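Engineer: Mind looking at a prediction? Sequence and model below.
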There are 2 protein chains.
Amino acid sequence: MELDERKLKILKAIICNYLETGEPVGSRTISKYTDLNLSSATIRNEMADLEEMGYIVQPHTSAGRIPSDKGYRLYVDSMLKEKDAEVESMKEILLEKADRLETLLKQAAKLLAANTNYTTMITGPQYQSRKLKLLQLSEVDETQLLAVIVLEGNLIKNKIIRLSEPLGKETVLKLNILLNTCLQGLNLAEINLPLIQKMKEEAREYSMVVSDILDAISQAVSEDDDVEIFTSGATNILKYPELNDTEKASGLLYALEEKQQLNELMAGLPEKEGEQHGIQVFIGEETPLESMKDCAVVTATYRIEEGVYGKVGIIGPKRMDYEKVVTSLQSLMNQLDGIFKKPG
Amino acid sequence: MELDERKLKILKAIICNYLETGEPVGSRTISKYTDLNLSSATIRNEMADLEEMGYIVQPHTSAGRIPSDKGYRLYVDSMLKEKDAEVESMKEILLEKADRLETLLKQAAKLLAANTNYTTMITGPQYQSRKLKLLQLSEVDETQLLAVIVLEGNLIKNKIIRLSEPLGKETVLKLNILLNTCLQGLNLAEINLPLIQKMKEEAREYSMVVSDILDAISQAVSEDDDVEIFTSGATNILKYPELNDTEKASGLLYALEEKQQLNELMAGLPEKEGEQHGIQVFIGEETPLESMKDCAVVTATYRIEEGVYGKVGIIGPKRMDYEKVVTSLQSLMNQLDGIFKKPG
DNA sequence: TGTTAGCACTCGTTTCGTAAGAGTGCTAAC
DNA sequence: GTTAGCACTCTTACGAAACGAGTGCTAACA
């Protein structure tokens, strides 16, 4: 059977209506709702076809139809095609007070959640390929050394290193110079064994400390990778009756609180190149997480530069307002791109 | 009417039973449950008295009784008296990886939530009276200065300061020395106008920068005060049927997510001196937050030193296991106290 | 006088059957 | 190919009845 013009129109009408109401939609509704001027009986026939083709399903006999995952998919795909250019900008609250990446990301998540009424999540950029911009050691007291690590994009990490014996101001100064001359401009992958050897040699009796410091750096740079994810609007999911059921909501909220799963989800996404910030839509079973199998997830990628990127995701009911979500995401992506490119 | 021995025993039996089951408890249950060897009829008479006195209520005629807020209060008070000494230590996972306060607090909240099966929240210590331990300026690039501020208790803050013109290594070094000699060991309140004037004079042509830096310090130290609160186990509240209702849960979860209200709640608590880490229990309407009026909240205070303290709170159903909660809290408090006293 | 057995009564909960309503599928007519 | 009509299905709402848990009261008992 073929999906002709009319069937498509009816399908879209069904989906649109369902997006609004959340109720199964019947033939009579469509008969009036569209400008096709067809009777409900005709619609019924077409609907039977659409069901056979798998685009819609009946929750039970004698209920209206609701879109299947396949139906949503078709709708989303056709919509994404249309949504190429038209992107109006979100309010520019983002730039205010955004000198810490963390704050920026939190604000972005919040803004997006407030804007869409869904749940949002956003990950910090992947660090692996960030370059070291500055390394600063300071003696806090006799037994503690503070390492401040500044990465490209003004990402600041702190790490306390415990000393077995005091170093003295001069040594700290020397180490600072040594470390900065050797490491500045490199990313984690570029700090290799030969380099480390060379540094240890130069540090002489302090080679142990150098080891400790390098450990601290790699820890500081990578340790938080599994918690650098911010969510907002978690309670929004309770607004949608189809998700507002203890079991489902509980699982989802738990996932949102724990973040571990989210991270795997986000990490698992490919860095999709592309026109539209790699916007991807997962519907129902397509979703990588069990707890989201009654939801839809829309993700996008923002990028800072080659190989440095982060993800933004929106979680909502399957009947989410895809159009709005995509537009909002694109707008946010553009802004983030802009911000990251500005101050560097 | 007087609350004699027997009435008290019956009341406690009612509360204990209700804590376990969450169901209204009837006279027959008590008659068997206790070792009083009284018939259900006698119990009924006593229960009628207890109800008249306001310690228990009937959700509806011909249902068992449940404790009123007043009943819980009595129970909690009498329990707190008993719980003076016996505190066994919680697992000492806390010390691991705890070189950042944030991590420590998050872990504490998590641990406590996992331990009690309730929702927990914990605030960072109040900063106002923390002393400056170290101040470190570094030039990130020509237009940006990084200020790292280390406060007592190894609390590290970063702040980027934008420069109108480059300073040069030497100047930065000078400023570093100036700032540290002037400010080290002081707390925010002690940085007063005369001192600032003196510093500006010494800094000569860079007095503007000094201003900016001082601003940055006071910002960095105080800005996050309203978000430094960590929660864990939010979804635990869904485990208790009496809270598992969309309206109630939604309000609570929202409060937990937004944190603003929590902060006000925690901030509003007096710094209660005392034996038991100032453990306070709020039951039902006593709770300062509307969204928690069907809950009980137990809070405690940990202290770092005179005037520097933070709060921990546990939120659960009114029928929470107060005994366990109090014990867990005390144990955690002891640990936190210990940790803060150790490394200084 | 305090305790207890017994009983009528209340009220929430469960169960069941019925009725209403929405929507379908099929058939026959246009 | 389209439509009107109708029988059928299935969910939901509603109410009555049965049930059960628990109470309050009274009268009897130690």
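Structural biologist: Sure, I can see it.

Engineer: tell me which parts of the stretch 51-200 of chain A are close to DNA strand D?
Structural biologist: Residues of the stretch 51-200 of chain A found near DNA strand D (Cβ under 7 Å from any atom of the strand) are A:60-63. In short, each C-beta sits where N, CA and C put it, glycine included.

Engineer: Top of these by number of neighbours, please.
Structural biologist: Neighbour counts for these (other Cβ atoms under 10 Å in any protein chain shown) peak at A:A63, which has 13 neighbours.

Engineer: Wait, a helix at that residue?
Structural biologist: No: in this structure, A:A63 is coil, not part of a helix, as judged by DSSP: H, G, I helix; E, B strand; the rest coil.

Engineer: isn't it right up against A:P24?
Structural biologist: Yes: the criterion here is Cβ atoms under 8 Å, and A:A63 meets it with A:P24 at 4.7 Å.

Engineer: low pLDDT regions in the stretch 51-200 of chain A?
Structural biologist: Residues of the stretch 51-200 of chain A that meet the criterion pLDDT under 70 lie in A:82-101, A:126-130, A:153-155.

Engineer: what does it put close to DNA strand C?
Structural biologist: Proximity of the stretch 51-200 of chain A to DNA strand C, by Cβ under 7 Å from any atom of the strand, involves residues A:51, A:58, A:61-65.

Engineer: Could you identify the most distant pair in these?
Structural biologist: The span of these, defined through Cβ to Cβ, is set by A:E51 and A:S62 at 13.5 Å.

Engineer: now the helices: where do they sit in the stretch 101-250 of chain A?
Structural biologist: When assigned using DSSP state H, counting those that start in this stretch, the helices of the stretch 101-250 of chain A occupy the ranges A:101-116, A:169-183, A:193-203, A:207-222, A:246-258.

Engineer: pLDDT on the fourth one, on average?
Structural biologist: Over the span of helix A:207-222, the pLDDT mean works out to 80.

Engineer: mind checking how far A:K174 is from A:E202?
Structural biologist: Distance from A:K174 to A:E202, counting by Cβ to Cβ, to the nearest Å: 9 Å.

Engineer: Test my guess that A:I156 contacts A:V150.
Structural biologist: Yes: counting by Cβ under 8 Å, A:I156 does reach A:V150; the two are 5.5 Å apart.

Engineer: hey, what's in contact with both of these two?
Structural biologist: Common neighbours of A:I156 and A:V150, using Cβ atoms under 8 Å, 6 or more residues apart in numbering or on different chains, are B:L146.

Engineer: Next, find the distance separating the residue located most distally from the centre of chain A from A:K174.
Structural biologist: In chain A, the greatest distance from the average C-alpha position (Cα atoms, centre = their mean) is reached by A:E205, at 45.8 Å. From A:E205 over to A:K174 the distance is 11 Å, taken as Cβ to Cβ.

Engineer: Kindly report the same for A:A41.
Structural biologist: Note on A:A41: its distance to A:K174, by Cβ to Cβ, is 89 Å.

Engineer: neighbour count winner among those two?
Structural biologist: Neighbour tally, A:A41 and A:K174, criterion other Cβ under 10 Å: the higher count belongs to A:K174, 17 against 11.

Engineer: dump the residue contacts of the more buried one.
Structural biologist: So A:K174 contacts nothing (Cβ under 8 Å, 6+ apart).

Engineer: Ok, A:L167 next?
Structural biologist: A:139, A:145, A:175, A:206, A:209.

Engineer: from those residues, which is closest to A:T235?
Structural biologist: A:L145 (43.1 Å).

Engineer: Run a quick neighbour tally on the closest one.
Structural biologist: A:L145 has 23 nearby residues by other Cβ under 10 Å.

Engineer: so how far is A:Y75 from A:M333?
Structural biologist: 22 Å.

Engineer: Give me the more crowded residue out of these two.
Structural biologist: A:Y75 (23 against 20).

Engineer: ok now stretch A:125-142, how far from the chain's centre?
Structural biologist: 25 Å (Cα atoms, centre = their mean, to the nearest Å).

Engineer: Dump the C-alpha coordinates for that stretch into CSV.
Structural biologist: Provided in CSV are the C-alpha atoms of stretch A:125-142 (Å, rounded to 0.1, in the frame of the first residue of the first chain):
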residue,chain,number,x,y,z
PRO,A,125,32.1,20.1,26.7
GLN,A,126,34.3,17.1,26.3
TYR,A,127,37.7,17.8,27.8
GLN,A,128,40.0,15.3,26.2
SER,A,129,41.2,17.6,23.6
ARG,A,130,41.3,20.8,25.5
LYS,A,131,44.5,22.6,25.6
LEU,A,132,46.3,23.7,28.8
LYS,A,133,46.3,27.4,28.9
LEU,A,134,47.8,28.0,32.3
LEU,A,135,49.1,26.0,35.2
GLN,A,136,49.6,27.7,38.6
LEU,A,137,51.0,26.1,41.7
SER,A,138,50.8,27.8,45.0
GLU,A,139,51.7,26.7,48.5
VAL,A,140,48.7,26.9,50.7
ASP,A,141,50.6,25.8,53.7
GLU,A,142,53.5,23.6,54.5
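
Engineer: who touches A:A113 in this structure?
Structural biologist: If you count contacts by Cβ under 8 Å, 6+ apart, A:A113 has them with A:119-120, A:232-233, A:236.

Engineer: Of these, which belong to strands?
Structural biologist: Secondary structure from DSSP state E places A:119-120, A:232 of the contacts of A:A113 in strands.

Engineer: which of the residues you listed lies closest to DNA strand D?
Structural biologist: A:T119 (25.8 Å; Cβ to the nearest atom of the strand).

Engineer: How much space separates the residue nearest to the closest one when sequence neighbours are not counted from A:A147?
Structural biologist: Spatial nearest neighbour of A:T119, chain neighbours left out: A:I315 (4.4 Å); criterion: Cβ to Cβ, 6 or more residues apart in numbering or on different chains. From A:I315 across to A:A147, the span is 37 Å (Cβ to Cβ).

Engineer: do the same with A:L332
Structural biologist: Distance from A:L332 to A:A147, by Cβ to Cβ: 34 Å.

Engineer: Looking at these two, which one has more neighbours?
Structural biologist: Using other Cβ under 10 Å as the criterion, A:L332 and A:A147 rank with A:L332 on top: 26 against 20.

Engineer: looking at it, A:E139 is touching A:V172, isn't it?
Structural biologist: Yes: A:E139 lies in contact with A:V172 (Cβ under 8 Å); the separation is 5.5 Å.

Engineer: residues shared between the contacts of these two?
Structural biologist: Residues touching both A:E139 and A:V172 (Cβ under 8 Å, 6+ apart) are A:L145.

Engineer: which non-adjacent residue is nearest A:N180?
Structural biologist: That would be A:L135: by Cβ to Cβ, 6+ apart, it lies 5.5 Å from A:N180.

Engineer: A:R65 too?
Structural biologist: Once flanking residues are discounted, A:R65 sits nearest to A:I56: 4.1 Å by Cβ to Cβ, 6+ apart.
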